[in-house]
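Chemist: just a sequence and a predicted model for now, questions to come.
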Amino acid sequence: MSDLPKKYLICSVSELIEKGLAFRFQVELDGKRKPAFILKYESQYFAYLNECAHIPVEMDWQPGDFLDIDKTTILCAMHGAAYLPDTGLCVRGPCKGARLKKIPIYEQEMQLVTDLPVFPDE
Ligand code: FES
């Protein structure tokens, strides 16, 4: 029996395009299922809870559509908080200085996985 922590599949790398729509999923954190997303930005993958640091609501404009028109920040559709895609730091808006909750992810054989239990988006 392996002592390695179990990994949960989020999606395949082929499901994400550079600065395109994010892949939405749910993740179990502190015993609760929460909405989350993963996106490809500057050839890297970043995953966060889909929960604004201002008010804990989902942030996408349309399902999976998180980036602003210039594709430089994750923009909350509710009041316009702007987060850096690579760190989750809010650089503009009502929660400037706060951060999105990052989900640790790993790339394994063209699959994106995490240590946290993953469920399909509802
Ligand atoms: S809820 Fe996101 S900016 Fe207010």
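Modeler: Happy to help now that I have it.

Chemist: write out the residues of the protein neighbouring the ligand.
Modeler: Selection of the chain residues close to the ligand by Cβ under 6 Å from any ligand atom yields Cys52, His54, Ile55, Val57, Met59, Cys76, Met78, His79, Gly80, Ala81, Gly93, Pro94. Quick note: C-beta positions are derived from backbone N, CA and C, even for glycine.

Chemist: let's see that with 5 Å instead.
Modeler: Cys52, His54, Ile55, Cys76, Met78, His79, Ala81 (Cβ under 5 Å from any ligand atom).

Chemist: which of these are buried, as a ChimeraX select command?
Modeler: Buried residues within these, by 16 or more other Cβ atoms under 10 Å, are selected in ChimeraX with:
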select :52,54,76,81
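
Chemist: please name the nearest non-neighbouring residue to Val118.
Modeler: Distance criterion Cβ to Cβ, 6 or more residues apart in numbering; nearest residue to Val118, sequence neighbours excluded, is Tyr8 at 4.1 Å.

Chemist: contacting residues for the one you found?
Modeler: By Cβ atoms under 8 Å, 6 or more residues apart in numbering, the contact list for Tyr8 reads Val113, Thr114, Asp115, Leu116, Pro117, Val118.

Chemist: please repeat the previous calculation with a cut-off of 10 Å.
Modeler: Tyr8 makes contacts with Phe25, Val27, Glu28, Val113, Thr114, Asp115, Leu116, Pro117, Val118, Phe119, as judged by Cβ atoms under 10 Å, 6 or more residues apart in numbering.

Chemist: so what sits opposite it in the bridge?
Modeler: When assigned by DSSP bridges, Tyr8 has beta-bridge partners Thr114.

Chemist: how much space between the closest residue to Pro94 other than its chain neighbours and Phe46?
Modeler: Closest residue to Pro94 apart from its sequence neighbours, by Cβ to Cβ, 6+ apart: His54 at 4.8 Å. Distance, His54 to Phe46, by Cβ to Cβ, to the nearest Å: 19 Å.
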